[in-house]
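Asker: Predicted model, plus sequence, below.
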Amino acid sequence: MPPVPDHLFKTLADPTRRAIFERLIRNGEQTVRELTDCSGVSQPAVSKHLKVLKRARLVRPRAEGRSVHYSAKPQGLAPLIDWMSLYGAFWRDRFDLLETLLKRMDK
Amino acid sequence: MTELATRSIVIERLMPHPPEKIWRALTETQLIGEWLMKNDFKPVVGHKFNFRSKPMPHWNGVTDCEVLTIEPHERLAYTWNNSGDEAANGLKTVVTWTLTPVSGGTRVRMEQSGFRPEDSFAYEGAGGGWPHIVAGLERVAGGLN
(Lines give C-alpha, C1' and ligand atoms only; values in the text may rest on other atoms or scores of the structure.)
Protein backbone atom coordinates (compact mmCIF):
# COMPACT_ATOMS: atom_id res chain seq x y z
CA MET A 1 0.00 0.00 0.00
CA PRO A 2 1.65 3.24 -1.07
CA PRO A 3 1.61 6.35 1.09
CA VAL A 4 -1.85 7.82 1.49
CA PRO A 5 -1.91 11.29 -0.07
CA ASP A 6 -2.63 12.88 3.30
CA HIS A 7 -1.83 16.40 2.13
CA LEU A 8 -4.51 16.16 -0.57
CA PHE A 9 -7.12 14.83 1.83
CA LYS A 10 -6.34 17.60 4.28
CA THR A 11 -6.32 20.24 1.60
CA LEU A 12 -9.69 19.21 0.17
CA ALA A 13 -11.32 18.40 3.50
CA ASP A 14 -12.00 22.08 4.19
CA PRO A 15 -15.35 22.97 2.56
CA THR A 16 -14.41 26.58 1.82
CA ARG A 17 -11.13 25.56 0.26
CA ARG A 18 -12.84 22.83 -1.74
CA ALA A 19 -15.43 25.34 -2.95
CA ILE A 20 -12.64 27.63 -4.17
CA PHE A 21 -10.97 24.77 -6.02
CA GLU A 22 -14.26 23.66 -7.57
CA ARG A 23 -15.04 27.19 -8.66
CA LEU A 24 -11.68 27.41 -10.41
CA ILE A 25 -12.34 24.05 -12.10
CA ARG A 26 -15.77 25.20 -13.28
CA ASN A 27 -15.10 28.80 -14.19
CA GLY A 28 -11.45 28.86 -15.15
CA GLU A 29 -9.00 31.52 -14.04
CA GLN A 30 -10.14 33.94 -11.31
CA THR A 31 -8.59 36.75 -9.33
CA VAL A 32 -8.44 36.69 -5.54
CA ARG A 33 -11.09 39.42 -5.53
CA GLU A 34 -13.46 37.42 -7.72
CA LEU A 35 -12.96 34.39 -5.51
CA THR A 36 -13.53 36.48 -2.38
CA ASP A 37 -16.79 37.92 -3.71
CA CYS A 38 -18.36 34.49 -3.99
CA SER A 39 -16.75 32.68 -1.08
CA GLY A 40 -18.40 34.36 1.91
CA VAL A 41 -15.07 34.75 3.72
CA SER A 42 -12.55 37.58 3.92
CA GLN A 43 -9.88 38.19 1.32
CA PRO A 44 -7.03 37.24 3.69
CA ALA A 45 -8.86 33.98 4.37
CA VAL A 46 -9.20 33.32 0.63
CA SER A 47 -5.51 34.09 0.14
CA LYS A 48 -4.64 31.66 2.89
CA HIS A 49 -6.74 28.93 1.30
CA LEU A 50 -5.11 29.61 -2.06
CA LYS A 51 -1.70 29.26 -0.46
CA VAL A 52 -2.65 25.83 0.86
CA LEU A 53 -4.08 24.82 -2.52
CA LYS A 54 -0.91 26.02 -4.20
CA ARG A 55 1.24 24.00 -1.81
CA ALA A 56 -0.79 20.92 -2.74
CA ARG A 57 -0.20 21.77 -6.42
CA LEU A 58 -3.90 22.14 -7.03
CA VAL A 59 -3.79 25.74 -8.23
CA ARG A 60 -1.39 27.88 -10.19
CA PRO A 61 -0.98 31.66 -9.70
CA ARG A 62 -0.28 34.09 -12.51
CA ALA A 63 0.65 37.68 -11.78
CA GLU A 64 -0.84 40.31 -14.04
CA GLY A 65 -0.21 43.90 -13.12
CA ARG A 66 -1.18 44.30 -9.49
CA SER A 67 -3.50 41.34 -9.31
CA VAL A 68 -2.88 37.64 -9.16
CA HIS A 69 -5.00 35.26 -11.20
CA TYR A 70 -5.45 31.68 -10.08
CA SER A 71 -6.31 28.67 -12.15
CA ALA A 72 -6.95 25.04 -11.14
CA LYS A 73 -4.50 22.23 -11.79
CA PRO A 74 -6.73 19.16 -11.78
CA GLN A 75 -3.74 16.92 -12.48
CA GLY A 76 -2.76 17.67 -8.86
CA LEU A 77 -5.51 15.18 -7.93
CA ALA A 78 -3.65 12.31 -9.59
CA PRO A 79 -2.17 10.88 -6.35
CA LEU A 80 -5.69 10.70 -4.94
CA ILE A 81 -6.93 8.80 -7.97
CA ASP A 82 -3.90 6.47 -7.80
CA TRP A 83 -4.63 5.84 -4.17
CA MET A 84 -8.26 5.00 -4.84
CA SER A 85 -7.54 2.68 -7.72
CA LEU A 86 -4.73 0.93 -5.89
CA TYR A 87 -6.77 -1.71 -4.13
CA GLY A 88 -8.75 -2.38 -7.27
CA ALA A 89 -5.51 -3.02 -9.13
CA PHE A 90 -4.14 -5.10 -6.25
CA TRP A 91 -7.11 -7.46 -6.25
CA ARG A 92 -7.29 -7.73 -10.04
CA ASP A 93 -3.66 -8.87 -10.05
CA ARG A 94 -4.44 -11.39 -7.32
CA PHE A 95 -7.43 -12.68 -9.27
CA ASP A 96 -5.11 -13.33 -12.21
CA LEU A 97 -2.71 -15.25 -9.95
CA LEU A 98 -5.62 -17.20 -8.46
CA GLU A 99 -6.76 -18.27 -11.93
CA THR A 100 -3.24 -19.33 -12.83
CA LEU A 101 -3.10 -21.43 -9.67
CA LEU A 102 -6.51 -23.00 -10.37
CA LYS A 103 -5.34 -24.08 -13.82
CA ARG A 104 -2.22 -25.59 -12.27
CA MET A 105 -4.32 -27.48 -9.72
CA ASP A 106 -5.94 -29.41 -12.60
CA LYS A 107 -2.68 -31.11 -13.43
CA MET B 1 -18.86 8.09 10.96
CA THR B 2 -21.74 6.74 8.92
CA GLU B 3 -21.77 3.62 6.78
CA LEU B 4 -22.30 5.86 3.80
CA ALA B 5 -18.89 7.36 4.25
CA THR B 6 -17.07 4.07 3.75
CA ARG B 7 -16.07 2.74 0.36
CA SER B 8 -15.85 -0.78 -0.97
CA ILE B 9 -13.95 -2.47 -3.71
CA VAL B 10 -15.85 -5.21 -5.49
CA ILE B 11 -14.27 -7.55 -8.00
CA GLU B 12 -16.26 -10.28 -9.69
CA ARG B 13 -15.01 -12.85 -12.11
CA LEU B 14 -16.41 -15.99 -13.68
CA MET B 15 -13.97 -18.86 -13.31
CA PRO B 16 -14.30 -22.16 -15.17
CA HIS B 17 -13.73 -24.21 -12.01
CA PRO B 18 -16.07 -25.78 -9.44
CA PRO B 19 -16.64 -23.92 -6.14
CA GLU B 20 -15.04 -26.78 -4.16
CA LYS B 21 -11.74 -26.26 -5.92
CA ILE B 22 -11.79 -22.48 -5.64
CA TRP B 23 -12.64 -22.88 -1.95
CA ARG B 24 -9.42 -24.86 -1.50
CA ALA B 25 -7.41 -22.08 -3.13
CA LEU B 26 -9.05 -19.57 -0.80
CA THR B 27 -8.64 -21.55 2.43
CA GLU B 28 -5.52 -23.75 2.30
CA THR B 29 -2.52 -21.89 3.69
CA GLN B 30 -0.09 -23.22 1.11
CA LEU B 31 -2.41 -22.47 -1.81
CA ILE B 32 -3.31 -18.99 -0.51
CA GLY B 33 0.41 -18.28 -0.34
CA GLU B 34 0.74 -19.04 -4.03
CA TRP B 35 -1.62 -16.34 -5.26
CA LEU B 36 -2.15 -13.88 -2.38
CA MET B 37 0.48 -13.69 0.35
CA LYS B 38 2.26 -15.79 2.94
CA ASN B 39 -0.13 -16.43 5.79
CA ASP B 40 -1.09 -18.57 8.77
CA PHE B 41 -4.75 -18.78 7.86
CA LYS B 42 -6.98 -21.51 9.32
CA PRO B 43 -10.59 -22.00 8.27
CA VAL B 44 -11.88 -21.47 11.80
CA VAL B 45 -14.12 -18.59 12.82
CA GLY B 46 -12.29 -16.40 15.32
CA HIS B 47 -8.83 -17.52 14.18
CA LYS B 48 -6.40 -14.58 14.13
CA PHE B 49 -3.77 -14.60 11.41
CA ASN B 50 -1.48 -12.42 9.31
CA PHE B 51 -0.71 -11.87 5.69
CA ARG B 52 2.93 -11.02 5.23
CA SER B 53 4.69 -9.42 2.33
CA LYS B 54 7.77 -7.30 1.82
CA PRO B 55 7.77 -4.12 3.91
CA MET B 56 7.61 -0.91 1.90
CA PRO B 57 8.09 2.72 2.87
CA HIS B 58 5.02 3.64 4.94
CA TRP B 59 3.92 0.00 5.17
CA ASN B 60 5.31 -2.70 7.44
CA GLY B 61 4.03 -5.44 5.11
CA VAL B 62 1.95 -7.19 7.77
CA THR B 63 -1.84 -7.36 7.60
CA ASP B 64 -3.78 -8.30 10.77
CA CYS B 65 -6.73 -10.56 10.10
CA GLU B 66 -9.42 -12.51 11.90
CA VAL B 67 -11.71 -15.08 10.35
CA LEU B 68 -15.33 -13.87 10.53
CA THR B 69 -17.28 -16.28 8.35
CA ILE B 70 -16.73 -19.80 7.10
CA GLU B 71 -19.51 -21.29 5.00
CA PRO B 72 -17.71 -24.02 3.05
CA HIS B 73 -17.72 -23.60 -0.72
CA GLU B 74 -19.92 -20.51 -0.44
CA ARG B 75 -18.75 -17.70 1.75
CA LEU B 76 -15.58 -16.65 3.50
CA ALA B 77 -14.90 -13.40 5.33
CA TYR B 78 -11.99 -12.04 7.31
CA THR B 79 -10.91 -8.67 8.64
CA TRP B 80 -8.05 -6.98 6.80
CA ASN B 81 -6.40 -4.39 9.02
CA ASN B 82 -3.11 -2.59 9.22
CA SER B 83 -0.88 -3.80 12.03
CA GLY B 84 1.64 -2.55 14.57
CA ASP B 85 2.28 1.18 14.62
CA GLU B 86 0.04 1.58 11.59
CA ALA B 87 -2.97 -0.13 13.21
CA ALA B 88 -4.40 2.90 14.99
CA ASN B 89 -4.85 5.10 11.94
CA GLY B 90 -4.65 2.45 9.27
CA LEU B 91 -7.04 0.31 7.33
CA LYS B 92 -9.88 -1.42 9.11
CA THR B 93 -11.57 -3.36 6.38
CA VAL B 94 -13.37 -6.66 5.81
CA VAL B 95 -12.72 -8.96 2.87
CA THR B 96 -15.66 -11.16 1.88
CA TRP B 97 -15.48 -13.92 -0.72
CA THR B 98 -18.70 -15.28 -2.20
CA LEU B 99 -18.75 -18.29 -4.52
CA THR B 100 -21.85 -18.85 -6.65
CA PRO B 101 -22.08 -21.92 -8.88
CA VAL B 102 -23.08 -21.01 -12.43
CA SER B 103 -23.17 -23.08 -15.59
CA GLY B 104 -19.61 -23.79 -16.63
CA GLY B 105 -18.02 -22.70 -13.39
CA THR B 106 -18.26 -20.33 -10.46
CA ARG B 107 -18.83 -16.65 -10.05
CA VAL B 108 -16.14 -15.43 -7.65
CA ARG B 109 -16.94 -12.19 -5.88
CA MET B 110 -14.52 -10.35 -3.60
CA GLU B 111 -15.66 -7.34 -1.66
CA GLN B 112 -13.29 -5.35 0.49
CA SER B 113 -15.44 -2.99 2.53
CA GLY B 114 -14.90 -0.37 5.19
CA PHE B 115 -12.38 1.96 3.54
CA ARG B 116 -12.58 5.09 5.65
CA PRO B 117 -10.48 7.75 4.02
CA GLU B 118 -11.96 10.22 6.49
CA ASP B 119 -9.65 8.65 9.05
CA SER B 120 -6.88 10.47 7.25
CA PHE B 121 -8.75 13.74 7.32
CA ALA B 122 -7.56 15.98 10.10
CA TYR B 123 -10.76 17.94 10.04
CA GLU B 124 -13.51 18.78 12.46
CA GLY B 125 -17.14 18.14 11.77
CA ALA B 126 -16.46 14.89 10.01
CA GLY B 127 -18.86 13.62 7.42
CA GLY B 128 -19.75 14.60 3.94
CA GLY B 129 -16.24 15.31 2.77
CA TRP B 130 -15.31 12.09 1.10
CA PRO B 131 -18.38 11.31 -1.03
CA HIS B 132 -18.28 14.90 -2.15
CA ILE B 133 -14.68 14.60 -3.25
CA VAL B 134 -15.39 11.36 -5.05
CA ALA B 135 -18.32 12.92 -6.86
CA GLY B 136 -16.09 15.80 -7.86
CA LEU B 137 -13.28 13.51 -8.97
CA GLU B 138 -15.19 12.02 -11.86
CA ARG B 139 -15.88 15.47 -13.20
CA VAL B 140 -12.35 16.59 -12.66
CA ALA B 141 -10.65 13.45 -13.93
CA GLY B 142 -11.68 14.53 -17.41
CA GLY B 143 -9.04 17.21 -17.12
CA LEU B 144 -6.27 14.67 -16.51
CA ASN B 145 -3.91 13.66 -19.24
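Answerer: Now that the structure is in, tell me what you want to look at. Residues are numbered from 1 along each chain as shown, chains lettered A, B, ... in the order given.

Asker: what about the residue nearest in space to the middle of chain A, distance to A:N27?
Answerer: Among the residues of chain A, the one closest to the centroid is A:L77, at 3.1 Å (CA atoms, centre = their mean). Distance, A:L77 to A:N27, by CB to CB, to the nearest Å: 18 Å. Yep, even glycine has a C-beta here, placed from its N, CA and C like the rest.

Asker: I'd like to know the phi and psi angles of A:D37, please.
Answerer: Note on A:D37: its backbone torsions stand at phi -60, psi -30 [degrees, to the nearest 10].

Asker: can you list the residues of chain A near chain B?
Answerer: A:1-4, A:6, A:9-10, A:12-15, A:18, A:22, A:25, A:72, A:74-75, A:77-78, A:80-81, A:84, A:87-88, A:91-92, A:94-95, A:97-102, A:105 (CB under 8 Å from any CB of the partner chain).

Asker: in chain A, which ranges drop under the pLDDT threshold?
Answerer: Scanning chain A for pLDDT under 70 picks out the ranges A:1-4, A:81-87, A:107.

Asker: Can you check which helix is longest in chain A?
Answerer: Looking across chain A with DSSP state H, the single longest helix is helix A:78-105.

Asker: which SS state does B:V45 fall under?
Answerer: Put simply, B:V45 is coil when judged by DSSP: H, G, I helix; E, B strand; the rest coil.

Asker: What score does it have for pLDDT?
Answerer: pLDDT, B:V45: 98.

Asker: That one and B:R75 touch, don't they?
Answerer: No - taking CB atoms under 8 Å as the definition, B:V45 is not a contact partner of B:R75, at 11.6 Å.

Asker: what separates B:H47 from A:G65, distance-wise?
Answerer: 69 Å.

Asker: Now B:P101. Nearest residue, chain neighbours left out?
Answerer: Distances taken as CB to CB, 6 or more residues apart in numbering or on different chains place B:P19 nearest to B:P101, at 5.5 Å, with adjacent residues excluded.

Asker: List the residues that contact the one you found.
Answerer: Taking CB atoms under 8 Å, 6 or more residues apart in numbering or on different chains, we find B:P19 in contact with B:73-74, B:99-101, B:106.

Asker: let's go with 7 Å and repeat that
Answerer: Shown in contact with B:P19 (CB atoms under 7 Å, 6 or more residues apart in numbering or on different chains): B:73, B:99, B:101, B:106.

Asker: Can you say which of these are buried?
Answerer: Among the contacts of B:P19, those scoring as buried are B:73, B:99, B:106 (criterion: 16 or more other CB atoms under 10 Å in any protein chain shown).

Asker: With respect to B:L26, which of those residues is nearest?
Answerer: B:L99 (8.1 Å; CB to CB).

Asker: Residues in contact with the helix or strand the closest one falls within: which ones?
Answerer: Applying DSSP states H and E as the criterion places B:L99 in strand B:92-102. With contact meaning CB under 7 Å, 6+ apart, strand B:92-102 is reached by B:14, B:19, B:22-23, B:26, B:68, B:73-81, B:106-116.

Asker: wait, what's in contact with the nearest residue to B:S113 once chain neighbours are set aside?
Answerer: Among residues not flanking B:S113 along the chain, B:S8 sits closest, at 4.1 Å (CB to CB, 6+ apart). Each residue near B:S8 by CB under 7 Å, 6+ apart is listed here: B:111-113, B:115.

Asker: Which of those fall within strands?
Answerer: Mapping those onto strands (DSSP state E) picks out B:111-113, B:115.

Asker: quick one: which of these is nearest to chain A?
Answerer: When the ones in strands among the contacts of B:S8 are compared for distance to chain A (CB to the nearest CB), B:Q112 wins out at 6.2 Å.

Asker: Quick one: the helices in chain A, in order.
Answerer: With DSSP H as the criterion, chain A has helices spanning A:6-13, A:15-27, A:32-39, A:43-55, A:78-105.
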